[in-house]
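>>> Build me a structure from this.
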Amino acid sequence: MCECESETLTVRCQPVTCPVSPPVTCDKPGQVLVNTTVDCCEISDCSCDVNLCPIPTIQCPLGFIPSFSVSPDNCCPEFICSPMKVCVHNTTVYQPGSAIPSDDPCTICQCGWNVDPETNLLAPECVIADCNDNCPEGHEYQRIPGQCCGECVSTDCVVMHDNNTVTVSVDQIWQPSNDKCVQYKCERVNGNSVTVEIKTTCPAFNPENCIPGTETIDADGCCQTCTLDTKCNVQKNSTYLVSNGCISSTPVEITSCSGLCETSSIYSAEANALVHSCTCCQEMTTTKKEVTLTCPDGSNINHSYIYIESCGCKASDCSSQSTSLRRRRRRV
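Purely as a prediction, here's the structure:
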């Protein structure tokens, strides 16, 4: 530093006096001591060398992820564990809205959206289960071991008949008063009450085959019955006619004669023997009818069959039976 003195008009120079700087300590990660000269004075300062920053070995707890932040006061980035938007329960991570198992079967939990201030993670949200114990008719509410809510178990059977509801106990039978041909039985099948419908199928009833005045209802009150007229009458039935492998396309009405005819054995004083009188139920009048039969090769043929129009009792010879009977008696 030089200056001109006014009195002597001479230049006087002297060295610059540098200020005394406190000692500088570079002890933060990544810092190095650097000396620089500023205006003839040497200044010591800390410089940042990121290559000298330590390799992070951070281990974050469950539900947290590693992250870093950089501040002006530090050379190296600072690694921290940041919380995730998840719930953690029993070493398991749950996403928001997912169900979380509970030790109490009556408590229903899920991962909520609110942050727990103590853990900085999302907090589970739990509610108490609302069990519906209102059961329909014929059922009762029973608890299930190990579960919060029970279930409605069928105890009786519920029968709908003519828009009316009737409850039938297990192993009991109910019969409608207006329908004697059906019964409903309540049975237990695999722990459930099942209604079994029992229907009575009545045999074919034709009043023409009855003795007039004998028509009645059976003991169950379901089927009509009567005392059959045993006289010789035409009996009708439907069946498929088959001839030489060809068959009718629809059932054909087939007739037969059936019934009892008079048979007697009367003593004759003139003959001094028993006089036998035999009659058999046979056809009286018949006609021929034709039907078309379909053969296996697809061709059709006409086939005629006998159709009985009326039946009656015809006299039969009983002598052969009588002679045979006398011969058997002689052998004895």
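>>> Not counting sequence-adjacent ones, nearest residue to Phe68?
Take Phe68 and drop its neighbours on the chain: the residue closest to it by C-beta to C-beta, 6 or more residues apart in numbering is Pro77, 4.1 Å away. Any C-beta I mention is one placed from the backbone N, CA and C, and that applies to glycine too.
>>> Please determine how far the one you found is located from Pro176.
Note on Pro77: its distance to Pro176, by C-beta to C-beta, to the nearest Å, is 88 Å.
>>> Next, count neighbours for the residue nearest to Phe68.
Residues lying near Pro77 (other C-beta atoms under 10 Å) number 16.
>>> contacting residues around it?
Listed by C-beta atoms under 8 Å, 6 or more residues apart in numbering, the contact partners of Pro77 are Cys53, Phe68, Ser69, Val70.
>>> Same check on Cys246?
So Cys246 contacts Leu293, Thr294, Cys295, Pro296, Ile301, His303 (C-beta under 8 Å, 6+ apart).
>>> Now do the fourth one against Val242, distance only.
I take that to be Pro296. Applying C-beta to C-beta, the value for Pro296 to Val242 is 11 Å.
>>> Same drill for these two, tell me which one is more crowded.
Neighbour comparison, Pro296 and Val242: the larger count goes to Val242, with 11 against 8 (by other C-beta under 10 Å).
>>> what bridges to the more buried one?
Under DSSP bridges, the beta-bridge partners of Val242 are Ile247.
>>> could you pull out the helices for this protein?
Secondary structure of the chain (DSSP state H): helices at 319-331.
>>> for stretch 103-110, how far is the first residue from the last?
Terminal residues of stretch 103-110 lie 13 Å apart, using C-alpha to C-alpha, to the nearest Å.
>>> Touching, Cys75 and Cys26? I think so.
No: look at Cys75 against Cys26 with C-beta atoms under 8 Å: they stay out of range, at 9.2 Å.
>>> Looking at those two, which is more packed in?
Cys75 (19 against 15).
>>> measure that one to Leu33 for me?
13 Å.
>>> sorry, back to before: of all the contacts of Cys246, which comes closest to Thr279?
Nearest to Thr279 among those: His303, at 32.7 Å, using C-beta to C-beta.
>>> Please enumerate the strands of the stretch 1-150 of the chain.
2-4, 11-13, 31-38, 41-48, 64-69, 78-83, 87-89, 92-94, 99-100, 107-115, 122-128, 139-142 (DSSP state E, counting those that start in this stretch).
>>> hey, which of those strands is tucked in deepest?
Of those, the one with the most neighbours on average (mean count of other C-beta atoms under 10 Å) is strand 87-89, at a mean of 20.
>>> what's it packed up against?
strand 92-94, strand 122-128 (3 or more C-beta pairs under 8 Å, 6 or more residues apart in numbering; DSSP states H and E).
>>> quick one: which of the ones you listed is nearest Thr255?
strand 122-128 (80.1 Å).
>>> May I have that closest one as CSV, with CA atoms only?
The C-alpha trace of strand 122-128 is given here as CSV (Å, rounded to 0.1, in the frame of the first residue of the first chain):
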residue,chain,number,x,y,z
LEU,A,122,-52.5,-44.3,7.0
ALA,A,123,-54.7,-45.4,9.9
PRO,A,124,-57.0,-48.4,9.8
GLU,A,125,-60.7,-47.7,10.1
CYS,A,126,-62.8,-50.3,11.9
VAL,A,127,-66.6,-50.7,12.5
ILE,A,128,-68.6,-53.2,14.5
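>>> That strand pairs with which strands, and in what direction?
With DSSP bridges as the test, strand 122-128 is paired with strand 107-115 (antiparallel).
>>> Just the angle for the partner strand relative to strand 78-83, thanks.
140 degrees (axes from the mean of the first three to the mean of the last three C-alpha atoms, to 10 degrees).
>>> for strand 107-115, the distance to its chain's centre please.
Offset of strand 107-115 from its chain centre (C-alpha atoms, centre = their mean, to the nearest Å): 32 Å.
>>> average pLDDT across it?
Regarding strand 107-115, the rounded mean pLDDT is 92.
>>> Quick check: pLDDT value at the spatially closest residue to Asp171 that is not a sequence neighbour.
Distance criterion C-beta to C-beta, 6+ apart; nearest residue to Asp171, sequence neighbours excluded, is Cys186 at 6.7 Å. Listed pLDDT for Cys186 reads 89.
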